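[1] sequence below, structure please.
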Amino acid sequence: MIKLYDLIGKNDIRFSPYCWRIKYLLNFKQIPYETVPTTFTDRLKNPIFGESRLPTMEDNEMKISDSFIIAKYIESNYLNKNTILISSSNIDAVTFINNWSDNFLNSSILQRVLNDITYHLDPEDKDYFILSRTKRFGEEPKKYQDKHLVIKNNEFIKNCALLNTQLKDRLFILGDQISYADMIILGSFTWGDKVSKNTRIDNNLEYLLKWKEKIEVLCK
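    The predicted structure is shown next:
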């Protein structure tokens, strides 16, 4: 059975957008798997990871890291003609959505939740997170988040509006068939939902809200 190392916070909260992508993919394809709850500091201490980040997957004596590499491995090794989510016909589009989410959607969510994440971490993880993110962004998480929350037409709002427009004339992100692109986007929104109230989608974005509700049911 697939073993998936899954980022965890206090009270069993699972909040990594990259881990959620893979769990949604496995759920939709109905592939059995087990998760191994792993904290930030667990990953740093456990030699099994090395430079690998979460999610990390073990399957058939293989260890794979990076959510997109994992997704492509699953699609290649767990074939089901009725649930092809990454194919030769959509790989370029899915790759674009993966890169866009990593560099734009996730960044816009992080701006609104960086400090809120700290409330969901145990003391050791909290200390590590604050120190590492302060070094990365040049200021403490609270200051970083507060600075971005006061921006009215912020990047998160723009990204949501873009997705709403994309979904105006289609059922799914890439058209009338579900694809891994939908799991990528949903994973990002789930991350925000798990740790904060600052990434709620505006009620006016009806197409995006309907899409989110539909994908959550399909990938449950």
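[2] did I read that right, residue 5 in a strand?
    Yes. Under DSSP: H, G, I helix; E, B strand; the rest coil, residue 5 sits within a strand.
[3] wouldn't it be in contact with residue 59 here?
    No. Checked against CB atoms under 8 Å, the pair residue 5 and residue 59 is beyond contact range at 11.9 Å. C-betas here are computed from N, CA, C, even on glycine.
[4] in stretch 208-220, what's buried?
    Of all the residues in stretch 208-220, those buried under the rule 16 or more other CB atoms under 10 Å are 208-209, 211-212, 215, 219.
[5] could you list the domains of the chain?
    2-77, 91-218 (automatic domain parsing).
[6] okay, the ones you listed in TSV with mean pLDDT next?
    Formatted as TSV, the domains of the chain follow (pLDDT from 0 to 100):
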stretch	mean pLDDT
domain 2-77	94
domain 91-218	97
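[7] now those domains in TSV, please, with extra columns for distance to residue 85.
    Formatted as TSV, these follow (distance: least, CB to CB, whole Å):
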stretch	distance to residue 85
domain 2-77	6
domain 91-218	4
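[8] which stretches of the protein form strands?
    Applying DSSP state E to the chain gives strands spanning 2-7, 33-38, 56-59, 62-65.
[9] if you count neighbours, what's buried in the last one?
    Taking 16+ other CB under 10 Å as the neighbour-count basis, strand 62-65 is seen to contain the buried residues 64-65.
[10] and the helices in this structure?
    For the chain, the helices defined by DSSP state H cover 17-29, 40-45, 67-77, 91-100, 106-118, 123-137, 141-149, 155-166, 180-195, 206-218.
[11] out of those helices, flag the one nearest residue 172.
    Shortest distance between residue 172 and the helices of the chain, using CB to CB, is found for helix 180-195: 5.3 Å.
[12] which strands or helices does the closest one pack on?
    Packed against helix 180-195, as judged by 3 or more CB pairs under 8 Å, 6 or more residues apart in numbering; DSSP states H and E, are the following elements: helix 17-29, helix 67-77, helix 91-100, helix 106-118, helix 206-218.
[13] which among these is found nearest to residue 160?
    helix 206-218 (6.1 Å).
[14] show me what that closest one is packed against.
    Applying 3+ CB pairs under 8 Å, 6+ apart, one finds that helix 206-218 contacts helix 155-166, helix 180-195.
[15] orientation of the longest one relative to helix 91-100 in degrees?
    What that stands for is helix 180-195. Relative orientation of helix 180-195 versus helix 91-100 (axes from the mean of the first three to the mean of the last three CA atoms, to 10 degrees): 20 degrees.
[16] what's the angle between helix 180-195 and helix 106-118?
    30 degrees.
[17] tell me how far the residue lying closest to residue 207 once chain neighbours are set aside lies from residue 151.
    Nearest residue to residue 207, sequence neighbours excluded (CB to CB, 6 or more residues apart in numbering): residue 167, at 4.0 Å. Look at residue 167 and residue 151: by CB to CB, to the nearest Å, they are 24 Å apart.
[18] ok, those two, which is more surrounded?
    residue 167 (20 against 12; other CB atoms under 10 Å).
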